[in-house]
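[1] okay, here's the prediction I keep looking at, along with the sequence it came from:
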Amino acid sequence: MTPLGGTELQHNFLSKYVDDDLLNKFSICTSVPEKIPLDKNKVNILWQKNAPNQPNIAPWFQDKANHSKYDWYVFNSSWNYEKYRDLYDIPTDRCHVIKNGVTNFPKRQPYKKGDRLRMIFHPTPWRGLNVLLATMQLLENENIELDVYSSCEIYGKEFQEDNDDSYVDLYDQARNLKNVNYLGYRPNEFILSKLPHYHMFAYPSIWEETSCISLLESMAAGLYCIVTNYGALYETGAEFPVFVNYETNLVNLAHQFAEGIKACRDMLHEPAIQNHLDLQQNYIKRFYSWDKKALEWSTFLQGVLDAKQ
């Protein structure tokens with residue numbers, strides 16, 4: 001099975017849930033401008049999921065002559081759209097926001113006071129795994145366990161071969177901590193099947209997420225989520241996660257995160273928190289399920305076609 005990152009998964013869902021006849025009238029390029037050729041016989045859309053400061057993105061947008069190449073720009077969050085608007089003065093009359101979606105809404109596992117707290121981390125390693133492992137060292141005497149599904153393999157073997165060496169020491173650290181299980185890469189279907197067996201998603205992100213799919217998946221599974229308030233995480237999570245203030249001093253961040261996890265653990269059994277997680281699942285299902293996203297996409301695409309007539 002070919003590994004799929006978040007962008008590829010979302011594109012597959014778009015193809016699955018939106019009518020082929022409608023989609024075939026459009027050429028939709030994801031994230032990296034012109035990675036597929038522009039099609040003069042179709043409406044060209046750049047579906048932008050990457051942050052605007054990435055080196056394979058910024059030079060193209062800095063040249064304003066490029067901005068007219070696409071008929072429309074679709075962004076995965078308001079946060080991301082506003083960043084591009086402010087940095088590159090993109091044509092706002094041809095911009096639209098459609099957020100990422102999820103499909104998996106399993107029955108939630110309730111947490112009982114005194115249970116071993118089971119946490120999961122499944123973003124890529126450069127997004128804060130170093131901080132989380134430092135956090136777990138601070139929690140080594142607590143009844144808390146972390147499973148780490150994280151590897152460069154998610155972007156394919158070639159990317160893994162080029163980049164995974166940078167994180168070998170981090171993976172070894174995870175393997176050597178008594179309260180951490182390093183499990184490497186697993187396909188998205190596997191992760192989704194395992195999410196209901198956890199109580200919390202722990203993500204001290206040091207990466208500017210634009211619309212975090214790992215967070216959406218965890219919220220949909222009913223996990224209590226603790227994340228930093230960095231990038232678009234606050235927009236994605238709404239009022240449901242516990243937010244820890246992001247800071248560049250990663251030692252302080254690890255200490256803050258450890259205290260946050262203990263506080264979450266101590267109240268996770270309470271009926272008010274259990275009700276909160278029920279509301280969280282309902283919220284994600286109502287606004288982020290792919291049947292809702294398909295309607296958003298279909299309405300938008302049909303509106304674009306109607307406006308051209």
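    Nice, thanks for sending it over. Residues are numbered from 1 along each chain as shown.

[2] quick one, phi psi at the residue nearest in space to the middle of the chain?
    The residue lying closest to the centre of the chain (C-alpha atoms, centre = their mean) is Cys212, at 1.9 Å. Main-chain dihedrals, Cys212, degrees, to the nearest 10: phi -70, psi 110.

[3] need the contact list for it.
    Going by C-beta atoms under 8 Å, 6 or more residues apart in numbering, Cys212 touches 123, 203, 205, 227, 231-233, 236. Where C-beta positions appear, they are placed from N, C-alpha and C, glycine not excepted.

[4] quick one: which of the residues you listed has the most company?
    Tyr203 (32 neighbours; other C-beta atoms under 10 Å).

[5] what segments of the stretch 151-300 of the chain are helices?
    Ranges of helices in the stretch 151-300 of the chain, per DSSP state H, counting those that start in this stretch, are 157-163, 168-176, 188-194, 213-220, 233-237, 250-267, 271-288, 290-308.

[6] so how far is His199 from Ile154?
    Here Ile154 is placed at a distance of 24 Å from His199 (C-beta to C-beta, to the nearest Å).

[7] the more surrounded of these two?
    Taking other C-beta under 10 Å, Ile154 and His199 do not tie; His199 has more neighbours (25 against 22).

[8] grab the nearest non-local neighbour of the more buried one.
    Leaving aside its chain neighbours, His199 sits nearest to Tyr111 (4.8 Å; criterion: C-beta to C-beta, 6 or more residues apart in numbering).

[9] same question, Gln274
    For Gln274, the closest residue by C-beta to C-beta, 6+ apart turns out to be Pro110, at 6.4 Å.

[10] thought the one you found was touching Ile273?
    No - using C-beta atoms under 8 Å, Pro110 is not in contact with Ile273; the gap is 10.3 Å.

[11] how about the contacts made by the residue nearest to Ala174 when sequence neighbours are not counted?
    Spatially, and ignoring its direct neighbours in sequence, Ala174 is nearest to Tyr182 (3.8 Å; C-beta to C-beta, 6+ apart). For Tyr182, the contact set (C-beta under 8 Å, 6+ apart) comprises 148, 150, 171, 174-175.

[12] bridged to the closest residue to Trp72 other than its chain neighbours, which residues?
    Counting by C-beta to C-beta, 6+ apart, Trp72 lies nearest to Ile45, which is 4.7 Å off, once chain neighbours are set aside. Counting by DSSP bridges, Ile45 is bridged to Ile28, Trp72.

[13] could you check how far Ile45 is from Val304?
    8 Å.

[14] those two: which has the busier surroundings?
    Taking neighbours as other C-beta under 10 Å, Ile45 and Val304 compare with Ile45 leading, 21 against 17.

[15] sorry, back to before: surely the residue nearest to His199 touches Glu270?
    No - the pair Tyr111 / Glu270 is not scored as a contact, 9.7 Å apart, by C-beta under 8 Å.
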